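> need a structure here:
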Amino acid sequence: MRFSTSNNRKDTRTPVEKLTVAGLLVAAAMLLSGVHFPVGPTRCYPFQHTVNVLAGALLGPCWAGGVAFVTSLLRNMTGTGTLFAFPGSIPGAIMAGVAFKLFPHPLSALAEPFGTGPVGATFSAFLLGPAMGRSVGFFALQAAFLISSIPGALLGMVILHVFQRRASSGILQSEDK
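You can find the predicted model right below:
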């Protein structure tokens, strides 16, 4: 898996490799979903945002959005998540992927809370809340989403920094050796 790639290089990973990494990230998010806390009508999963950052860095925006969607779907199917999981994780994963595509640096992980907070809270407050018959305020949802996404994104940033510094890991190596 490559992390430090520039925009003009073609990604050499096969779809099977990307699907394998995506599946592992979904599994990690599901295994770590035991760590959560309720905030209003939502349930906050900080490790979901860590997985979003890793998926954005390793796979790109589309695959990261797919990882967030599948994880949200599985959480809702198992009864451990709410419908707020979809707008609370997918925009953040996509924003992280876009940020890593434009700026391949661990600090790009900070784009994930932006996608989750303002963008995800807007979708939740104005589309999902009324559809569920709940009147939930934008600022309340944004606070709940940011309480979860900021620590998760920071943890993802630390993990990427450690992977990047550790040359023997082979996970996040640069293409220009």
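
> which residues touch stretch 25-41?
Contacts made with stretch 25-41 from outside it, assessed by Cβ atoms under 8 Å, 6 or more residues apart in numbering, are listed as 43-48, 50-51, 54-55, 58-59, 67, 70-71, 74-75, 80-82, 84, 134, 136, 140-141, 143-144, 147-148. C-betas here are computed from N, CA, C, even on glycine.

> In PyMOL, how would I select just the buried ones from the residues you listed?
The buried residues among the contacts of stretch 25-41 can be selected in PyMOL (16 or more other Cβ atoms under 10 Å) with this line:
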select buried, resi 43+44+45+46+47+48+50+51+54+55+58+59+67+70+71+74+75+81+82+84+136+140+141+144+147+148
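
> Among the contacts of stretch 25-41, which are located in strands?
Counted as lying in strands by DSSP state E, out of the contacts of stretch 25-41, are 43-44.

> Enumerate every residue touching the spatially closest residue to residue 148 that is not a sequence neighbour.
Counting by Cβ to Cβ, 6 or more residues apart in numbering, the nearest residue to residue 148 once its immediate chain neighbours are dropped is residue 44, at 3.4 Å. With contact set as Cβ under 8 Å, 6+ apart, residue 44 has these partners: 36-38, 144-145, 147-148.

> can you give me the helices for the protein?
Assigned by DSSP state H, the helices in the chain fall at 15-31, 46-59, 61-78, 85-102, 111-114, 121-123, 129-132, 138-165.

> Tell me the buried residues in the last one?
It stands for helix 138-165. Residues of helix 138-165 classed as buried: 140-142, 144-157, 159-160, 163-164 (neighbour count, 16+ other Cβ under 10 Å).

> likewise the third one?
Residues of helix 61-78 classed as buried: 61, 63-72, 74-75 (neighbour count, 16+ other Cβ under 10 Å).

> again, but for the fourth one
When burial is assessed from 16+ other Cβ under 10 Å, helix 85-102 yields the following buried residues: 85-100.

> in this structure, which helix or strand is least confident?
Among the helices and strands of the chain, helix 129-132 carries the lowest confidence by mean pLDDT, DSSP states H and E, at a mean of 64.

> Who are the contact partners of the most centrally placed residue in the chain?
With the centre of the chain defined as its mean C-alpha position, the nearest residue by Cα atoms, centre = their mean is residue 52, 1.7 Å away. Applying Cβ under 8 Å, 6+ apart to residue 52 gives the contacts 64, 67-68, 89, 92-93, 96, 112, 116, 152-153, 156.
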